[in-house]
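Chemist: turn this into a model:
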Amino acid sequence: MPRQHVNTHIALIACVCLCLLGYLSWFESRAQEAVAQVAAGPDYDSPDSMSVIVNKHRPLADPAYVPQDLADIGGVQLRSEAAAAYLQMNADAAAAGVGLVAVSGFRTADAQTHLHSSYSNTYGQQAAESISARPGYSEHQTGLAVDIGNPDGACSLEPCFEATPAGAWAAANAHRYGFIIRYPAGAEAATGFGYEPWHLRYVGSELAAALTGSGQTLEQYAGLPSAPSYPSAPSYPADRAR
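Modeler: Predicted coordinates:
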């Protein structure tokens, strides 16, 4: 074989080897990133995380937080990933003959302030804080929580919702779409809120399956302290919404 051809073949082999080494280096880097992510587990702290935990002991890092990827799901908004999952869940429920209605989704801190103040003025602060979060402490502000209902409004935002078609279907199937019933019955000491079968929280399909299988709340699964009450009085006047 002429020397020129030999040199060409050597150059080609060297090029292939360099490409292979580059690919192996990239693959190893991605594998290490994946292992690190698995080892680190879910991110319960960042407001942008799908698994962020917000409760009476864990306010959002930014009290005025607003997600940047909100999408409409029929009059209310959720973050884009949660919205896509909700719309698929809604379509599958409809195919099964069950109607789901999104009653409430993302709320700004100001909207939550007015809602919480309204409940405080109507029911008193202690009762209000068993059914409504303070601004900055609400899952609705994450854009990952949605209150659902029946098309006819049956048992809307009431515990009896669990026995309605929408409530029963959601309880049996919501985890398949990445949603959990965030405030289950009997978990008030851990979550700080009474049973809300209508309040769904998006955490992603993997974490939702793990939580459903374990029967634990987010706090319990994450190994976090229970959050039955706020550590201090609200920092805004109760009659601010008047």
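
Chemist: dihedrals phi and psi, residue 103?
Modeler: phi -90, psi -40 (degrees, to the nearest 10).

Chemist: typed the wrong thing, it's residue 165
Modeler: phi -50, psi -50.

Chemist: my guess is it meets residue 99, correct?
Modeler: Yes - applying CB atoms under 8 Å as the test, residue 165 and residue 99 come out as touching, 7.3 Å apart. To be clear about C-beta, it is placed using only N, CA and C from the backbone, and glycine gets the same treatment.

Chemist: comparing these two, which shows the higher neighbour count?
Modeler: residue 165 (17 against 14; other CB atoms under 10 Å).

Chemist: ok, now which ones touch the residue most central in space within the chain?
Modeler: The centroid of the chain falls nearest to residue 202 when counting by CA atoms, centre = their mean (3.2 Å). Listed by CB atoms under 8 Å, 6 or more residues apart in numbering, the contact set of residue 202 reads 50, 78, 79, 81, 82, 85, 86, 144, 145, 146, 178, 179.

Chemist: what about residue 227, neighbour count?
Modeler: 21.

Chemist: actually residue 113, not the one I wrote
Modeler: A count of nearby residues for residue 113, using other CB under 10 Å, gives 19.

Chemist: leaving out sequence neighbours, find the closest residue to it.
Modeler: Leaving aside its chain neighbours, residue 113 sits nearest to residue 135 (4.3 Å; criterion: CB to CB, 6 or more residues apart in numbering).

Chemist: next one: phi and psi at that neighbour?
Modeler: Given degrees, to the nearest 10, the pair of backbone angles that residue 135 has is phi -60, psi 140.

Chemist: just the residues contacting stretch 162-174, thanks.
Modeler: With CB under 8 Å, 6+ apart as the criterion, stretch 162-174 contacts 89, 92-93, 96, 98-101, 148-150, 154-155, 161, 179-181, 197-198, 200, 208.

Chemist: list the buried residues of that stretch.
Modeler: Counting neighbours by 16 or more other CB atoms under 10 Å, one finds that the buried residues in stretch 162-174 are 162, 164, 165, 166, 167, 169, 170, 171, 174.

Chemist: so which of these belong to helices?
Modeler: Judged by DSSP state H, the buried residues of stretch 162-174 include 165, 166, 167, 169, 170, 171 as members of helices.

Chemist: and after the longest strand along the chain, which helix or strand comes next?
Modeler: Counting by DSSP state E, the longest strand found in the chain is strand 196-202. Later in the chain than strand 196-202, the nearest helix or strand by DSSP states H and E is helix 205-214.

Chemist: show me what counts as buried in that next one.
Modeler: Under 16+ other CB under 10 Å, the buried positions of helix 205-214 are 207, 208, 210, 211, 212.

Chemist: which single one of the residues you listed is nearest to residue 119?
Modeler: residue 211 (27.7 Å; CB to CB).

Chemist: that closest one against residue 220, yeah?
Modeler: No - contact criterion CB under 8 Å: residue 211 and residue 220 do not qualify, at 9.0 Å.
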